[in-house]
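>>> quick one, what's the 3D model for this:
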Amino acid sequence: MIQPPEILRVSKSRVSCDGSGDIPAALGHPRVFLEIDEHGYVDCGYCDRRFVLVGGIADTPEIAGLPDISSGASL
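Sure thing, here's the model as predicted:
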């Protein structure tokens, strides 16, 4: 069975991800900046974390079942 993505609720539409959390940043992945678009969430292409805009259209209990959206990634 595939595990659902780790979901982080955020208050801004532009977020960064380096794969750290409970681990040191040096053990994560390169920092990427992601932009949450009209879908209300975006996924990190490296670690599959899902960033959900608080109060946005995707801020629902069903968020884990929605398809991946990583096109918001930018350099």
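>>> tell me the SS of Leu8?
Assigned by DSSP: H, G, I helix; E, B strand; the rest coil, the conformation of Leu8 is strand.
>>> measure it to Tyr41 for me?
Remark: distance between Leu8 and Tyr41 (Cβ to Cβ, to the nearest Å) = 10 Å. (Each C-beta comes from the backbone N, C-alpha and C, glycine too.)
>>> now do Pro24
Separation of Pro24 from Tyr41 (Cβ to Cβ) stands at 27 Å.
>>> what does Leu27 give?
To Tyr41, Leu27 is 25 Å away according to Cβ to Cβ.
>>> okay, those two: which has more neighbours?
Between Leu27 and Tyr41, counting by other Cβ atoms under 10 Å, Tyr41 is the more crowded of the two (25 against 9).
>>> state the phi and psi torsions of the more buried one.
Dihedral pair for Tyr41: phi -160, psi 160, per degrees, to the nearest 10.
>>> repeat that for Ile63.
phi -60, psi -30.
>>> what of Ala25?
Here is the backbone geometry of Ala25 (degrees, to the nearest 10): phi -60, psi -30.
>>> give me the pLDDT for it.
The pLDDT attached to Ala25 in the predicted structure is 73.
>>> my read: Val32 touches Tyr46, true?
Yes. Val32 is within contact range of Tyr46, at 6.7 Å (criterion: Cβ atoms under 8 Å).
>>> shared neighbours of these two, anything?
When contacts are counted by Cβ atoms under 8 Å, 6 or more residues apart in numbering, Val32 and Tyr46 have Cys17 as shared neighbours.
>>> which ones are touching Glu6?
Shown in contact with Glu6 (Cβ under 8 Å, 6+ apart): 21, 47-50.
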